[in-house]
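[1] Provide a 3D model corresponding to the input given below.
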Amino acid sequence: MTRTLLIPALLALPALLPAQGVDAAMLLAPLGDSWPTYSGDYSGKRYSTLTQLNQSNVKNLTLAWTSRVAANAGNGGRGGQTIVGGEGTGDVVAGGGNNIKGAVLQVDGVLYVCTPDNAWAVDARDGHELWHYFWKTRGATHIGNRGMGIYGNWLFFETPDDYVVSLDARTGKERWHKVIANFEEQYFSTTAPIVIGNHVLVGTGNDLDEPGVLQSFDPETGDVQWKFYSVPMVAGDPAVSSWKNLDAARHGGGQMWVPGSYDPETHLYILGTGNPSPAYTSVSRGEGDNLYTCSIIAINVDTGKLVWHYQTSPHDTHDSDSAQTPVLVDGVFNGRPRKLVVTASRNGYYFTLDRLTGEHLVTSKFSDSVNWAKGLDANGAPKRDPAKDFDIGGALVSPANSGITNWQPPAYSPDTGLFYVPQNDNYAMYYLTETDPRGAMGLGGKEEQGVGSAGSYLTAIDPKTGKIAWRHRYPGNGGSPNGLLTTAGKLLFGGDLGGNIVAYDPADGKILWHSHVGQVSNAPETYMLDGHQYLLVASGDTLFAFTLY
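    Take a look at the predicted model:
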């Protein structure tokens, strides 16, 4: 790990590992001094109550330190060599790089950072490494890791080869590791565990034809408490009728790629599910809606039972999963208080739902380029246009496989009442290359040729109406911008496509400050430490911390 320190006065402060760790009260509180879970708090808003950094002084924001994390078993941290674990032999070299793509936890002055097969503790004051844990992998797809969860002084993270690992946050020593999914069935795990009470919630990933599953583990022992499958697994499940047959449903996908949000009043964990499988040739799954894929689902966190669902892409044929973070908002809708869920889907449509019941309230198309659907059904969901399915002669479709938005976290500001989402209006020609369903499992059966973008944006949406409040177009020819952060200092932070971290006015999108760090790879965060509010962001394998001088 290397670092460049630009504020010498901060160096005299001691580096302390957490004495108390994280308790339930910290996780239930609004986002403030710490960053103890994936979205900062359970609501998914990514709205910090900190105000030291605000519109009047953001122009004075300056770099405090940088720190580069090194991902290999021979890298020594403070006090000794890297701690090594894992079930692999040590001779598997996994691709995918060492990019920090997920949340970085901050608790008691320590940052907890994770990439595939690696976890670090880093001093939040100056960026020096405290410990490093390296997992010897058996293989699998190493596309990214969305971060860690914490319970007391225990950390939890997922490995690409399908384990959940628990570490002691003070030392980095492994407590236990448990199997999440069958490695031989080509699952690979990317999501950040979410800790709710005595439940550690972990999801799965898979691009073939296995069922998506959300599991609850006991944080002390690692025992499985319950499992929820996102597709029907037994005869008699009412959702079976939305599939050709039970066998099709049991191989129907619906992976749990991204963490959800939690409503403590109802004990509901609300998250999005992935696309059905096979993704593009749907003959083998029947003509039904293929529940509960491409859906927002509400799970009772104590029992693992489904309470409600809303499907954003019925009978999806474009890999348009709903694996985007749903945001929980309390507001007035049509003249009366409502508890809401707001989400912008990969398919280019925005939705407002009642979070107690899943009742549909608002649908809008937030991208002008979207052409895969023709109108809305009686429940406000977009109706697929079969002419835009994959065709032997080719079909011009928007969005392309990457979606109008994707896993990158959105944000919400109660100060403006606006929901913010990164957006990329893209097109592709889709060609059907395999008409036999046996040769089109998972993501097979098609070829995609990208043909360009109509622009990338930071978009602000009014949840009451679904209408665009304002839109800031990024310079350049399109690309996928990363996630967002809002603060009570009336600031909106996000990375642009030119390698800058940018501060905007959340009311109108006016640029207030920027700094070039290289391509921003995760969503920015903020925390307070020793009287200083920090802005933290990653570019590839390097952390950048900013504060006021």
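[2] looking at this, Ser284 is in a strand?
    No: with DSSP: H, G, I helix; E, B strand; the rest coil as the criterion, Ser284 is helix rather than part of a strand.
[3] which stretches of the stretch 1-150 of the chain form helices?
    24-28 (DSSP state H, counting those that start in this stretch).
[4] gap between Gln186 and Asp289?
    Gln186 sits 26 Å away from Asp289, taking Cβ to Cβ, to the nearest Å as the criterion. C-beta: built from backbone N, CA, C; applies to glycine.
[5] which of the two has more neighbours?
    Asp289 (21 against 18; other Cβ atoms under 10 Å).
[6] so that one touches Pro238, yeah?
    No: Asp289 is beyond contact range of Pro238, at 11.9 Å (criterion: Cβ atoms under 8 Å).
[7] pLDDT weak spots in this protein?
    Judged by pLDDT under 70, the chain has its weakly predicted residues at 1-20, 73-80.
[8] let's go with 80 and repeat that
    Confidence mapping of the chain against pLDDT under 80 gives the ranges 1-20, 72-81, 93-97, 435-439, 478.
[9] identify the residue nearest the geometric centre of it.
    Nearest to the mean C-alpha position of the chain, counting by Cα atoms, centre = their mean, stands Val258 at 4.2 Å.
[10] and the gap between the nearest residue to it once chain neighbours are set aside and Trp243?
    Taking Cβ to Cβ, 6 or more residues apart in numbering as the measure, Val258 lies nearest to Ala323, with 4.6 Å between them; neighbours along the chain are not counted. Ala323 sits 20 Å away from Trp243, going by Cβ to Cβ.
[11] repeat that for Val397.
    Val397 sits 24 Å away from Trp243, going by Cβ to Cβ.
[12] and if you look at Val421?
    From Val421 over to Trp243 the distance is 31 Å, taken as Cβ to Cβ.
[13] check Val122 too.
    Applying Cβ to Cβ to Val122 and Trp243 gives a distance of 46 Å.
[14] number of nearby residues for Asp91?
    Based on other Cβ under 10 Å, the number of other residues close to Asp91 is 6.
[15] quick one on the thing from earlier: and the residue nearest to the centre of the chain, what is it in contact with?
    Remark: with contacts taken as Cβ atoms under 8 Å, 6 or more residues apart in numbering, Val258 is in contact with 146, 191, 203, 271-272, 323-325, 407.
[16] same thing with Ala94?
    By Cβ under 8 Å, 6+ apart, the contact list for Ala94 reads 116-117, 137, 139-140, 142, 160.
[17] what about burial for those residues, which qualify?
    Neighbour-count burial (16 or more other Cβ atoms under 10 Å) applied to the contacts of Ala94 gives 116-117, 137, 140, 142, 160.
[18] helices of this structure, start to end?
    In the chain, the segments counted as helices under DSSP state H are 24-28, 246-250.
[19] and the first one, what does it pack onto?
    The criterion is 3 or more Cβ pairs under 8 Å, 6 or more residues apart in numbering; DSSP states H and E, and there are no helices or strands that helix 24-28 contacts.
[20] how far out from the middle of the chain is that helix?
    If you compare the mean C-alpha spot of helix 24-28 with that of the full chain, they lie 21 Å apart, counting by Cα atoms, centre = their mean, to the nearest Å.
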